[in-house]
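# here is a sequence together with a model predicted from it:
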2 protein chains.
Amino acid sequence: MAGRATIEDVARTAGVSVATVSRALRNMPNVAPATRERVALVADQLGYEPHAAASWLASGRTMTIGFVGPYFDIWYTGQVLAGIENVLSDAGYDLAVYAADTPANRGRFLERVGSLQTRVDGLVLVDFHPEPRHLHRLADIGIPTVVIGEHVEPLPSLAIDNEEAAHRAVSYLVGLGHRRIGIMGELEPHPEESPVLRARRLGYEQAMTEAALEPSSELRYHTPLGVEGGAAGFDLLGTAVPPTALFCLSDETAMGLMSRAAQAGVVVGSDLSVVGFDDHDLADAFGLTTMRQPVREIGIRGAELLMTMIGEGVTSHEAIRVPVELVERSSSGPPVTGRN
Amino acid sequence: MAGRATIEDVARTAGVSVATVSRALRNMPNVAPATRERVALVADQLGYEPHAAASWLASGRTMTIGFVGPYFDIWYTGQVLAGIENVLSDAGYDLAVYAADTPANRGRFLERVGSLQTRVDGLVLVDFHPEPRHLHRLADIGIPTVVIGEHVEPLPSLAIDNEEAAHRAVSYLVGLGHRRIGIMGELEPHPEESPVLRARRLGYEQAMTEAALEPSSELRYHTPLGVEGGAAGFDLLGTAVPPTALFCLSDETAMGLMSRAAQAGVVVGSDLSVVGFDDHDLADAFGLTTMRQPVREIGIRGAELLMTMIGEGVTSHEAIRVPVELVERSSSGPPVTGRN
DNA sequence: CTGAAAGCGCTTACAG
DNA sequence: CTGAAAGCGCTTACAG
């Protein structure tokens, strides 16, 4: 209420110059111990807090990192965000979040991306899928950036191998004896199919082909990702010859599907095998077989990489491959004999 | 790469003063249309982006809102955050997020809260539970603040009536005929019991008492919130006389419990009735009866309230009560006759 | 409608 | 080890 104390107030009452206050408070070298103590004491008494914008303007450092990600209300984003937040707050950085879910939001973000240059010291891009021209834009701006969810040269990145993981999931179903294996989620030619989902679809197709199975279009079930999408997706199955197994592009899709299947009397795990993707918190509760990706760890490692880049002023170009693990649960099993 | 363009560059090449550039670009009155156009054109050509810190320092406005919330990896927080982000980005505000989950984090936040004065134009506190001295601190700082999740005078707030909602949930179970109704979640004397959870517990106790039932300590199952906690909580039930119904303090707890129960051969909905709290995305898939709170809407309304306060420079003290709805699904039903 | 100038509160060479 | 001073890039009365 009495007005903020400024560095000048501290300097005056401590009987030193503002330069000395600045150095003392930031623990810079070349300050006499006694001086440092006195300044700290006075600053404390006055309740002095440096004005972020002023120091930022003078130093060029913002001590904040930008997080650009899809929907904040999905499980995946929350996990990554939590991991990142943890590392950054330990390192003394603030976190500014930007949603880039809808095309409109992405556009808005890209328009403003130039302004980020003066707003953040670094950037984490989660599932952002920059196009080449956006990459140029980002490169021009020159903010240290880490990409999560895919590899985008020349930026450093952390990502799983979606194609390989999907291939493994489907091969697993093949190994169980399934022949009619469907795929469910956002699929081409839907415009929303992201590079991540495309890679998973390709892995599916390749595994099918390798097993001499036809990834026919009948086995492709296009539905939005998410719980509702999965529930709706179940209704797409009710045609002539249903699949005996389904590879779902996300756990949420799989769980939505499973719940609708159960309502319809379909026994998941025998009538219909389901494999998901993510290892959502509730996947275990659902008995869902899935491809586990260490989402939270990805966030942590991404943030750590960014801190290293900023701290040491180095530019990384490494594309880190994060392992994915098949977690077998009760939603998958051999096909029921006598059927199919 | 050629170095950022500054307002001075724009002014020089447009042949006007920086003051005029500033006014023109921010659509302030008293700029000749022709001038405005020319300035805009030049700014565009030069790729000019105002330096956030400079304008912030000069104007005192940061155009960013602080979000303080618990764990970013839980469903509730993600929903609120998504709602808020939406409103703020439409209004042209940035969002800075601060985790205040662990006591350590809360402490760190409170220590730094003074510095927020110069970092954000407003604050949203989600389930933060400020103590009186913290409130004073916040009041001293004088940042427009909206509280979500509880009512904290004199700050404006949005919250459900946790006690009433819990009361309703338990009365519903009573109405079904249950007598041994347990409560599960984080319970006193556990130090982590938040005001929110306490209110739910009180609602439970009151409903029990009103029904002439004893909320005995045997019926209190203390377990961490979350899926794992619920699963672990099931094992606590296996004692002498198990409850026929359970009120869980969160849907995640309820779902964890249900999955473990199913594994153990307990039929949820008849052997054991379960009512949760939240209406999680997956509650429907689980057939979970629950108290639905409009989480995302709470975020949206909170952000809108904050925008109004900031935009119109008014201080609100309203404590907005948000309605909660009982959603009946298959996890609850009358107790099995012949038992209990 | 426009400009000159002060000022926002720091940081950082530079000089001592 | 310390201080004087320039400078970061804007905004905002004030004067015209």
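Good, I have the coordinates.
# would you map the helices across chain A?
Assigned by DSSP state H, chain A shows helices spanning A:7-14, A:18-25, A:33-46, A:52-59, A:75-90, A:103-116, A:132-141, A:162-176, A:195-210, A:227-237, A:251-263, A:283-286, A:295-312.
# just say which of those helices is most tucked in.
Comparing the helices of chain A by mean neighbour count (mean count of other Cβ atoms under 10 Å in any protein chain shown), helix A:251-263 ranks first with a mean of 25. To be clear about C-beta, it is placed using only N, CA and C from the backbone, and glycine gets the same treatment.
# so that helix versus helix A:227-237, what angle?
Per axes from the mean of the first three to the mean of the last three Cα atoms, to 10 degrees, the angle that helix A:251-263 makes with helix A:227-237 is 50 degrees.
# please see if helix A:251-263 touches chain B.
Yes. Counting by Cβ under 8 Å from any Cβ of the partner chain, chain B is contacted by helix A:251-263 at A:252, A:255-256, A:258-259.
# kindly reformat those residues as CSV containing pLDDT and distance to DNA strand D.
Below are the residues of helix A:251-263 next to chain B laid out as CSV (pLDDT from 0 to 100; distance: Cβ to the nearest atom of the strand, whole Å):
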residue, pLDDT, distance to DNA strand D
A:252, 94, 43
A:255, 96, 48
A:256, 95, 47
A:258, 95, 54
A:259, 92, 52
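# and the helices of chain A as a markdown table, adding distance to DNA strand C?
Shown next, in a markdown table, are the helices of chain A (distance: least, Cβ to the nearest atom of the strand, whole Å):
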| stretch | distance to DNA strand C |
| --- | --- |
| helix A:7-14 | 3 |
| helix A:18-25 | 3 |
| helix A:33-46 | 10 |
| helix A:52-59 | 3 |
| helix A:75-90 | 19 |
| helix A:103-116 | 18 |
| helix A:132-141 | 20 |
| helix A:162-176 | 42 |
| helix A:195-210 | 39 |
| helix A:227-237 | 48 |
| helix A:251-263 | 45 |
| helix A:283-286 | 47 |
| helix A:295-312 | 14 |
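# kindly report the residues of chain A close to DNA strand D.
Proximity of chain A to DNA strand D (Cβ under 7 Å from any atom of the strand) is limited to residues A:15-20, A:23, A:29-36, A:54, A:57-58.
# residue A:305: which of the residues of helix A:251-263 next to chain B is nearest?
When the residues of helix A:251-263 next to chain B are compared for distance to residue A:305 (Cβ to Cβ), residue A:252 wins out at 27.9 Å.
# how close does the closest one sit to residue A:295?
According to Cβ to Cβ, to the nearest Å, residue A:252 stands 13 Å off from residue A:295.
# repeat that for residue A:48.
40 Å.
# same thing with residue A:269?
Distance from residue A:269 to residue A:295, by Cβ to Cβ: 25 Å.
# thinking again about what came up before, who touches both of residue A:252 and residue A:295?
Common neighbours of residue A:252 and residue A:295, using Cβ atoms under 8 Å, 6 or more residues apart in numbering or on different chains, are residue A:278.
# does chain B sit close to stretch A:115-134?
Yes. Stretch A:115-134 is in contact with chain B by Cβ under 8 Å from any Cβ, via A:115, A:117-119.
# tell me how far that stretch is from the chain's mean position?
14 Å (Cα atoms, centre = their mean, to the nearest Å).
# returning to what we had before: possible to save the residues of stretch A:115-134 next to chain B as CSV with pLDDT?
Converted to CSV, those look like this (pLDDT from 0 to 100):
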residue, pLDDT
A:115, 85
A:117, 85
A:118, 88
A:119, 91
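# picking up where we left off before, near chain B too, which of the residues of chain A next to DNA strand D?
A:54, A:57.
# not counting residues beside it along the chain, what's closest to residue A:17?
Spatial nearest neighbour of residue A:17, excluding adjacent residues (Cβ to Cβ, 6 or more residues apart in numbering or on different chains): residue A:11 at 5.8 Å.
# for that neighbour, which residues are in contact?
Counting by Cβ under 8 Å, 6+ apart, residue A:11 has contacts A:17-18, A:20-21.
# got TSV for these, with pLDDT too?
Formatted as TSV, the contacts of residue A:11 follow (pLDDT from 0 to 100):
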residue	pLDDT
A:17	95
A:18	95
A:20	96
A:21	96
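# buried sites along stretch A:264-279?
A:266, A:268-269, A:271-279 (16 or more other Cβ atoms under 10 Å in any protein chain shown).
# identify, from those residues, the entry nearest to residue A:195.
Out of the buried residues of stretch A:264-279, the member with the shortest distance to residue A:195 (by Cβ to Cβ) is residue A:277, at 14.8 Å.
# was I right about residue A:76 contacting residue A:298?
No. When contacts are counted by Cβ atoms under 8 Å, residue A:76 is not listed as touching residue A:298 (9.7 Å).
# quick one: mean pLDDT over stretch A:296-315.
In this model, stretch A:296-315 has an average pLDDT of 93.
# CA atoms of that stretch as PDB?
What follows is stretch A:296-315, C-alpha atoms only, in PDB (Å, rounded to 0.1, in the frame of the first residue of the first chain):
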ATOM      1  CA  ARG A 296       5.700 -37.400 -17.600                       C
ATOM      2  CA  GLU A 297       9.400 -38.400 -17.900                       C
ATOM      3  CA  ILE A 298       9.400 -37.000 -21.400                       C
ATOM      4  CA  GLY A 299       8.300 -33.600 -20.000                       C
ATOM      5  CA  ILE A 300      11.000 -33.700 -17.400                       C
ATOM      6  CA  ARG A 301      13.700 -34.600 -19.800                       C
ATOM      7  CA  GLY A 302      12.600 -32.000 -22.300                       C
ATOM      8  CA  ALA A 303      12.700 -29.400 -19.600                       C
ATOM      9  CA  GLU A 304      16.100 -30.500 -18.400                       C
ATOM     10  CA  LEU A 305      17.400 -30.400 -21.900                       C
ATOM     11  CA  LEU A 306      16.100 -26.900 -22.400                       C
ATOM     12  CA  MET A 307      17.700 -25.800 -19.100                       C
ATOM     13  CA  THR A 308      21.000 -27.100 -20.200                       C
ATOM     14  CA  MET A 309      20.800 -25.300 -23.500                       C
ATOM     15  CA  ILE A 310      20.000 -22.100 -21.900                       C
ATOM     16  CA  GLY A 311      22.400 -22.500 -19.000                       C
ATOM     17  CA  GLU A 312      25.300 -23.400 -21.100                       C
ATOM     18  CA  GLY A 313      24.400 -21.400 -24.100                       C
ATOM     19  CA  VAL A 314      24.700 -24.500 -26.300                       C
ATOM     20  CA  THR A 315      22.500 -25.500 -29.200                       C
END
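# chain center to it: distance?
Centroid separation for stretch A:296-315 versus its chain: 14 Å, with Cα atoms, centre = their mean.
# and the stretch 151-300 of chain A, which of its residues are near chain B?
Near chain B, when you scan the stretch 151-300 of chain A using Cβ under 8 Å from any Cβ, you find A:226-227, A:231, A:252, A:255-256, A:258-259, A:281-282, A:284-287, A:296.
# residue ranges with poor pLDDT in the stretch 201-340 of chain A?
The model of the stretch 201-340 of chain A has pLDDT under 70 over residues A:239, A:337-340.
# tell me which residue of it lies closest to DNA strand C.
residue A:313 (13.3 Å; Cβ to the nearest atom of the strand).
# next one: the stretch 151-300 of chain A
residue A:156 (25.2 Å).
# residues contacting that residue?
A:145-147, A:305, A:309, A:315-320.
# ok, residue A:38 next?
A:14, A:16.
# cutoff 10 Å now
A:13-16, A:20, A:24, A:32 (Cβ atoms under 10 Å, 6 or more residues apart in numbering or on different chains).
# between the residues you listed, which sits nearest residue B:217?
Closest to residue B:217 out of these is residue A:24 (55.7 Å), distances taken as Cβ to Cβ.
# the closest one contacts residue A:16, correct?
Yes. Between residue A:24 and residue A:16 there is a contact under Cβ atoms under 10 Å: 7.9 Å.
# need the residues touching each of those two.
Here residue A:24 and residue A:16 have A:10, A:31-32, A:35, A:38-39, A:42 as joint contacts, going by Cβ under 10 Å, 6+ apart.
# let me have those in JSON lines, extended by pLDDT.
What follows is the shared contacts of residue A:24 and residue A:16, written out as JSON lines (pLDDT from 0 to 100):
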{"residue": "A:10", "pLDDT": "96"}
{"residue": "A:31", "pLDDT": "93"}
{"residue": "A:32", "pLDDT": "94"}
{"residue": "A:35", "pLDDT": "95"}
{"residue": "A:38", "pLDDT": "95"}
{"residue": "A:39", "pLDDT": "96"}
{"residue": "A:42", "pLDDT": "96"}
